[in-house]
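A.B. asks: Would you be able to build a 3D model of this:
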Amino acid sequence: MSKTRVYELAKELNISTKELMNYLEKELGLEIKSHMSTLDEDSIETIKEFYNSTKKKSNDNKKKIPNKNNSKVISNKNKIIKNEVKENKEIKEAKNETKKESSKEDNIKEIILSSNELKLDLLAKKLHKNQGDLIKSMFMKGIMIKPNQDLNIEIAEEIAMNFNYILTINDDEQTKPTETKQEKDILKERWEKIYSEKKDKFKDRAPVVTVMGHVDHGKTTLLDHIRKTQVADKEAGGITQSIGAYQTVYNGKKITFIDTPGHEAFTEMRARGAQSTDIVILIVAADDGVMPQTIEAYNHAKDAGVPIIVAINKVDKPNANVELTKQQLVAKLNLIPEDWGGDAITVPISAKSGMGVDDLLEMVLLVSEMQEIKCYPKGNARAIIIESKLDKFLGPVATVIVKDGILKNGDFFVAGSTFGKVRRLIDSNGKTIKQAGPSTPVQILGFDEVPSMHSILYAVNTLDEAREISSIAKEKEESKSKQKKHVKLEDFMNMMKENQKKILNIILKAGTYGEIEALKNSISKLKNSDIDIEIVHAGIGAITTSDVMLASASNAVILGFRVKADSKTLKMADKEEIQIKRYDIIFNLIDELKKALQGMLEPEEKEEITGSGKIKEVFKIKKVGNIAGIQLTDGYVSAEGRVRIYREGKLIQDVEIETLQHYKDIVKSVSAPQECGIKFVNFNDFNSGDELEFYKYIQIERTLNFNSKK
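C.D. replies: As a prediction, this is how the structure comes out:
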């Protein structure tokens, strides 16, 4: 029996994939895992019949309105809706009054939202319902709403009333400008405010796609076919030597591509490519399989948290083995193809002939639709820098991809500690353009110096503003350069105090696969219910700059077993302050890990009874309060401890000690059988004859049980 995927059925019904998935889940109660899920013929026929029936009823209801003039029909319907809303508001107000008079007689509850939270999904959560219930409740009243739709106040109030709730809009606790801290990013805060205030004006943005993979697996050849040029033939040795960004149009929709180098010497740029993208295409040659740089590329993409589409290339070669390549994807990357019951999208292609490339682009648009990639399309631009250099003819140049707003000739901008004015914009075809919108890749001329590869470019209103903000950023960079960026094995205790995370990230490198497996097995035995160890990446061969970049992104330490690290890698690690530890004996590596994990445990707090005593007399002193005159009968009392006060065997108060005196002296402790005077914190209601128990809390170092399982 043939099967059809959800996204294919959506095409057939002429609706979006997301809309169909929502319909299947909310209306028919089907559990749909993803857009790649399959449906059999019987299910498809049932769905079509049910969907067309629902659609026909909806159309028939529209035809029943006795008015041929469309504008009048809409006007009359709007009046009905407005009257219903008005009536419901009056009902709500009446119920509000009733609630004030007697809450016991009123079952209506209250929910509070801010005006920025007026969305169907957020309202559904507050009402403890799913979105389908809310949609049905309004559909019965002739009002159509969609999943995740923005709502106006009247409609939101009416939905709430349908479920016996009163909606209150409260903007008092909305995001107010917080007191500016030195480390705060002024421009980032400005954009966060735009995002919170103008969500209703957001538009779909073309996806930014990064092509990643092992050297010579066909990344540039794929882009060459897509953009109909011969870039691969012009590259030295057929290998891409710099990041390029290009835009294409497929089925009337734009897609922006970043071509990242596959050669090991340029893995630093690959890491940056993964961090600036919306979707990653991981290209794997069917005649070569999953290689070391394939694994590195996958780990960079996974660490960036972006969806991954696997393009299995060179399927038209005689020695191609697609099934073996899929087995390697499962074994080495834990990526299970969708046709094997997993959720990893795999597309067989030939970048050279173009076979399967249309299917790949269709998958890109489908994933983009599911991710709901949005932007704010107006005003000053925000862009990601993906490459920068000093050109001997043009001066400082940067390649950027615009994420929000419009970047225009003459705009002033800030990028980290650099600033400037746009003197010229050059598109991916080398043509000068006047402006660039969201997802457009463009080269910018006009920087005062070469910008940092890790910075975001913001357009601002004036040159003075650009200069001022960049100078603040420069001061911050100088200040941060003096501080430690990343943790070391010996510093995990401090990391725990600051971040409250019991996790140790490791990048593991060894000389052979056998050594890697032995190390993984030994490290897995150190996992504990208190602390987790995450092996971000495990690879064969020398420690490289790629490992340093990945460690920087994931805040990891690099552990090498019988492998080297060249001078370039060590210099980069020193600059990024990434710790590289190398070992020749496996027991030394494991022993040092144990010590590091032990340091991550927070000490256990335990109560210790220090002594006891009895109140002999109460001294009442004006403007001071009551002082207890105490005879110690056992142990000692510490000024930093606490006291439990008992009367006739019953606890009457547990208090802190404000002051401890021995005769006229303020002291830190007094031991039995001496006498002392104590003033308690905010407590004066004690009598002579009351018994006292002195105690304090002590810190006990905890130990790990490495035999316990997570």
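
A.B. asks: from here on, contacts and neighbour counts on C-alpha atoms
C.D. replies: OK.

A.B. asks: quick one, strands of the stretch 151-300 of the chain?
C.D. replies: Counting by DSSP state E, counting those that start in this stretch, one finds strands in the stretch 151-300 of the chain at the ranges 165-169, 203-204, 208-213, 244-250, 253-259, 279-285.

A.B. asks: Could you export those as JSON lines, including mean pLDDT?
C.D. replies: Putting the strands of the stretch 151-300 of the chain into JSON lines (pLDDT from 0 to 100) gives the following:
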{"stretch": "strand 165-169", "mean pLDDT": "82"}
{"stretch": "strand 203-204", "mean pLDDT": "92"}
{"stretch": "strand 208-213", "mean pLDDT": "88"}
{"stretch": "strand 244-250", "mean pLDDT": "84"}
{"stretch": "strand 253-259", "mean pLDDT": "88"}
{"stretch": "strand 279-285", "mean pLDDT": "94"}
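
A.B. asks: tell me the most buried of these?
C.D. replies: strand 208-213 (a mean of 28; mean count of other CA atoms under 10 Å).

A.B. asks: in its sheet, what does it sit against?
C.D. replies: When pairing is defined by DSSP bridges, strand 208-213 lines up against strand 253-259 (parallel), strand 279-285 (parallel).

A.B. asks: picking that back up, how about the strands of the stretch 151-300 of the chain in CSV, adding distance to Ile586?
C.D. replies: Below are the strands of the stretch 151-300 of the chain laid out as CSV (distance: least, CA to CA, whole Å):
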stretch, distance to Ile586
strand 165-169, 61
strand 203-204, 52
strand 208-213, 31
strand 244-250, 43
strand 253-259, 39
strand 279-285, 33
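
A.B. asks: Lys33: which of the ones you listed is closest?
C.D. replies: In this view, the strands of the stretch 151-300 of the chain are compared for proximity to Lys33 by CA to CA, and strand 279-285 is the closest at 19.4 Å.

A.B. asks: Now tell me what touches that closest one from outside.
C.D. replies: Contact with strand 279-285 is made by 207-214, 217-219, 274, 290, 294, 297-298, 301, 306-315, 325, 364, 367-368, as judged by CA atoms under 8 Å, 6 or more residues apart in numbering.

A.B. asks: So which of these sit within helices?
C.D. replies: Applying DSSP state H to these, the entries found in helices are Lys219, Ala274, Thr294, Ala297, Tyr298, Ala301, Thr325, Val364, Val367, Ser368.

A.B. asks: which residues does Phe686 contact?
C.D. replies: By CA under 8 Å, 6+ apart, the contact list for Phe686 reads Val618, Ala628.

A.B. asks: try 10 Å this time
C.D. replies: By CA atoms under 10 Å, 6 or more residues apart in numbering, Phe686 lies in contact with Ile615, Glu617, Val618, Asn626, Ile627, Ala628, Ile645, Tyr646, Arg647, Ile652, Gln653, Phe680.

A.B. asks: Likewise for Ile406?
C.D. replies: Remark: with contacts taken as CA under 10 Å, 6+ apart, Ile406 is in contact with 376-383, 435-438, 440, 459.

A.B. asks: before we move on, the earlier item: for Gly420, find the nearest of the strands of the stretch 151-300 of the chain.
C.D. replies: Closest to Gly420 of the strands of the stretch 151-300 of the chain, according to CA to CA: strand 244-250, at 22.1 Å.

A.B. asks: Give the other helices and strands that that closest one contacts.
C.D. replies: With contacts defined as 3 or more CA pairs under 10 Å, 6 or more residues apart in numbering; DSSP states H and E, strand 244-250 has these neighbours: strand 208-213, helix 219-227, strand 253-259, helix 357-371, strand 382-391, strand 395-404, strand 441-447.

A.B. asks: Paired strands for that strand, with orientation please.
C.D. replies: Strand 244-250 is paired, per DSSP bridges, with strand 253-259 (antiparallel).

A.B. asks: Let me know the angle separating the strand it pairs with from helix 357-371.
C.D. replies: Computed by axes from the mean of the first three to the mean of the last three CA atoms, to 10 degrees, the angle separating strand 253-259 from helix 357-371 equals 100 degrees.

A.B. asks: Need the CA coordinates for strand 253-259. CSV is fine.
C.D. replies: In CSV, the C-alpha atoms belonging to strand 253-259 read as follows (Å, rounded to 0.1, in the frame of the first residue of the first chain):
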residue,chain,number,x,y,z
LYS,A,253,10.5,32.1,-2.8
LYS,A,254,14.0,33.4,-2.0
ILE,A,255,16.6,31.3,-0.3
THR,A,256,20.0,32.6,0.9
PHE,A,257,22.9,30.3,1.0
ILE,A,258,26.2,30.5,2.9
ASP,A,259,29.0,28.3,1.4
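
A.B. asks: Numbering from 344 from now on, please.
C.D. replies: Got it, the first residue is 344 from now on, which makes the last one we talked about strand 596-602.

A.B. asks: just the buried members of the contacts of Ile749?
C.D. replies: Buried subset of the contacts of Ile749 (neighbour count, 16 or more other CA atoms under 10 Å): Tyr719, Pro720, Asn723, Ala724, Arg725, Ala726, Gln778, Ala779, Gly780, Pro781, Thr783, Ala802.

A.B. asks: Among those residues, find me the one that's closest to Arg570.
C.D. replies: For the buried ones among the contacts of Ile749, the nearest to Arg570 is Thr783 (14.8 Å; CA to CA).

A.B. asks: now the residue positioned nearest the centre of the chain: how far from Leu862?
C.D. replies: By CA atoms, centre = their mean, the chain has its centre lying nearest to Gly648, at 7.4 Å. Gly648 sits at a distance of 26 Å from Leu862 (criterion: CA to CA, to the nearest Å).

A.B. asks: Only the buried subset of the ones in helices among the contacts of strand 622-628, as a ChimeraX command please.
C.D. replies: Those of those that count as buried under 16+ other CA under 10 Å are selected in ChimeraX with:
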select :562,617,637,640,641,644,668,707,710,711
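
A.B. asks: OK, contacts around the closest residue to Ala694 other than its chain neighbours?
C.D. replies: Closest residue to Ala694 apart from its sequence neighbours, by CA to CA, 6 or more residues apart in numbering: Leu565 at 4.5 Å. Shown in contact with Leu565 (CA under 10 Å, 6+ apart): 554, 571, 575, 602, 626, 654, 656, 692-697, 700.

A.B. asks: I'd like these written out as JSON lines, with distance to Phe506 added.
C.D. replies: Converted to JSON lines, the contacts of Leu565 look like this (distance: CA to CA, whole Å):
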{"residue": "Val554", "distance to Phe506": "48"}
{"residue": "Lys571", "distance to Phe506": "57"}
{"residue": "Ala575", "distance to Phe506": "62"}
{"residue": "Asp602", "distance to Phe506": "52"}
{"residue": "Ile626", "distance to Phe506": "50"}
{"residue": "Ala654", "distance to Phe506": "48"}
{"residue": "Asn656", "distance to Phe506": "54"}
{"residue": "Ile692", "distance to Phe506": "52"}
{"residue": "Ser693", "distance to Phe506": "55"}
{"residue": "Ala694", "distance to Phe506": "55"}
{"residue": "Lys695", "distance to Phe506": "59"}
{"residue": "Ser696", "distance to Phe506": "58"}
{"residue": "Gly697", "distance to Phe506": "55"}
{"residue": "Val700", "distance to Phe506": "49"}
